[in-house]
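1. Please find the sequence and the predicted model below.
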Amino acid sequence: MQANGWWDKSTGFALLTIVLWASLAALTSRVTSVSPLVLVGLVLFFCGLGALPLWRQWRARPVTWLVTITTLLLYHLLLFMSFRHAPVLEANLINYLWPLCIILFTPLLLPSHPLQPRHLLAGALGLAGSMLVMVNGQLQLQQAYLPGYLLALSAAIIWGLYSVLARRLPPAPAVVTAAACLPAGILALLLAWAVEGPLPLAQIPRADWWLIVGLALGPMGAAFVTWYLALREGDPRRIGALSYLTPLLSTLLLVGLNGEQLTSRHWLAGALIIGGALLGLGASPAKLNAKPSKQ
């Protein structure tokens, strides 16, 4: 049942997820002792281990398992690789096009939400902001970082698609989202072993192990469950717009922890992207079709 006010249960879960995700870029950018593929595998593996005590609730259709595992693996692999091929601050801003992707994909993928002019304008503002992140003050593409930009953009599109289509998957207990991290992590580690050779676990310093565990518990652990709960009952367009609080918090953390510097270009890009998301939020809430039942 859709809440009439600005606050409901889904909003609370979304805000909790936002707080957890705000630390993702700052933490992952500080783990440099392993490749992005190994890092993805380890974090997802530990995240999945945390769901083992609730194994009796791992009830879901095969399509739910397949989509969730594939999304978790691809999204985080692309994101972590982008942090190695582009400045973290810029890759992080481009990655945070995924809330705008949610707003734009919702009317396209959920029939009850037709595409409106405000959604098109929101997309244009978001695109302008992302392009501004990808160029320097003379509006020239920084070709050296183009692979990282494209990786971050691909990650944003994948997470936006999943966040909308998750409502159309057969309903499942929220813990299944965390449980899917276990096979996703094992697949990532097996792929790393096949492509990169033996896993360099002994070379990981203690500080990095703590960061890996922290990622598994917070932004890549509990956050998956709270995000699923938010999407299960909330309007994806509203949640997508609200999610643009994440890049603001994340950028502040990067500035404080990694010594990143904000320029006027970054401020303008952030204003354009967030402005587009707020415009998408302006659409009147509506009840979505085929809403999963409560578990």
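-> That came through fine.

2. what about residue 202, how many neighbours?
-> If you count neighbours by other Cβ atoms under 10 Å, residue 202 ends up with 6. Where C-beta positions appear, they are placed from N, C-alpha and C, glycine not excepted.

3. how far does the lowest-mean-pLDDT helix or strand in the chain sit from the chain's center?
-> The helix or strand of the chain with the poorest confidence is helix 245-258; it has a mean of 73 (mean pLDDT, DSSP states H and E). Here the centre of helix 245-258 is set off from its chain's centre by 15 Å, with Cα atoms, centre = their mean, to the nearest Å.

4. Can you name the element that comes right after that helix?
-> helix 264-281 (DSSP states H and E).

5. how about the biggest helix by length in the chain as CSV, C-alpha atoms only?
-> Determined from DSSP state H, the single longest helix within the chain is helix 62-85. The C-alpha trace of helix 62-85 is given here as CSV (Å, rounded to 0.1, in the frame of the first residue of the first chain):
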residue,chain,number,x,y,z
PRO,A,62,15.8,-19.9,-10.0
VAL,A,63,15.3,-16.7,-12.0
THR,A,64,15.6,-14.6,-8.8
TRP,A,65,18.9,-16.3,-7.9
LEU,A,66,20.3,-16.0,-11.4
VAL,A,67,19.4,-12.3,-11.8
THR,A,68,20.6,-11.3,-8.4
ILE,A,69,23.9,-13.2,-8.5
THR,A,70,24.7,-11.9,-12.0
THR,A,71,23.9,-8.3,-11.0
LEU,A,72,25.9,-8.3,-7.8
LEU,A,73,29.0,-9.7,-9.6
LEU,A,74,28.9,-7.5,-12.7
TYR,A,75,28.0,-4.3,-11.0
HIS,A,76,30.7,-4.4,-8.3
LEU,A,77,33.4,-5.7,-10.7
LEU,A,78,32.7,-2.8,-13.1
LEU,A,79,32.6,-0.3,-10.3
PHE,A,80,35.8,-1.5,-8.6
MET,A,81,37.6,-1.6,-12.0
SER,A,82,36.5,2.0,-12.7
PHE,A,83,38.2,3.1,-9.5
ARG,A,84,41.5,1.8,-10.9
HIS,A,85,41.2,3.3,-14.3
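
6. could you say what helices and strands whichever helix or strand comes after it packs with?
-> Sequence-wise, the next helix or strand downstream of helix 62-85 (DSSP H and E) is helix 88-95. Counting by 3 or more Cβ pairs under 8 Å, 6 or more residues apart in numbering; DSSP states H and E, the packing neighbours recorded for helix 88-95 are helix 24-28, helix 62-85, helix 117-133, helix 146-165, helix 245-258, helix 264-281.

7. Now do helix 88-95 against helix 264-281, angle only.
-> 20 degrees (axes from the mean of the first three to the mean of the last three Cα atoms, to 10 degrees).

8. State the next helix or strand along the chain beyond helix 88-95.
-> For helix 88-95, the following helix or strand on the C-terminal side (DSSP H and E) is helix 98-109.

9. quick check: angle from that following helix to helix 62-85?
-> Using the same axes, to 10 degrees, the direction of helix 98-109 lies 140 degrees away from that of helix 62-85.

10. Would you check that residue 269 makes contact with residue 125?
-> No. Using Cβ atoms under 8 Å, residue 269 is not in contact with residue 125; the gap is 10.5 Å.

11. separation between the closest residue to residue 73 other than its chain neighbours and residue 224?
-> Closest residue to residue 73 apart from its sequence neighbours, by Cβ to Cβ, 6 or more residues apart in numbering: residue 184 at 4.4 Å. According to Cβ to Cβ, to the nearest Å, residue 184 and residue 224 sit 11 Å apart.

12. Find the residue at the geometric middle of the chain.
-> Centroid-nearest residue in the chain: residue 159, 5.6 Å away (criterion: Cα atoms, centre = their mean).

13. Hmm, residue 101 and it touching each other?
-> Yes. Here residue 159 reaches residue 101: they are 7.4 Å apart, a contact under Cβ under 8 Å.

14. Can you lay out the helices and strands packed on helix 88-95 as a markdown table showing distance to residue 34?
-> Shown next, in a markdown table, are the helices and strands packed on helix 88-95 (distance: least, Cβ to Cβ, whole Å):
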| stretch | distance to residue 34 |
| --- | --- |
| helix 24-28 | 11 |
| helix 62-85 | 10 |
| helix 117-133 | 27 |
| helix 146-165 | 17 |
| helix 245-258 | 18 |
| helix 264-281 | 29 |
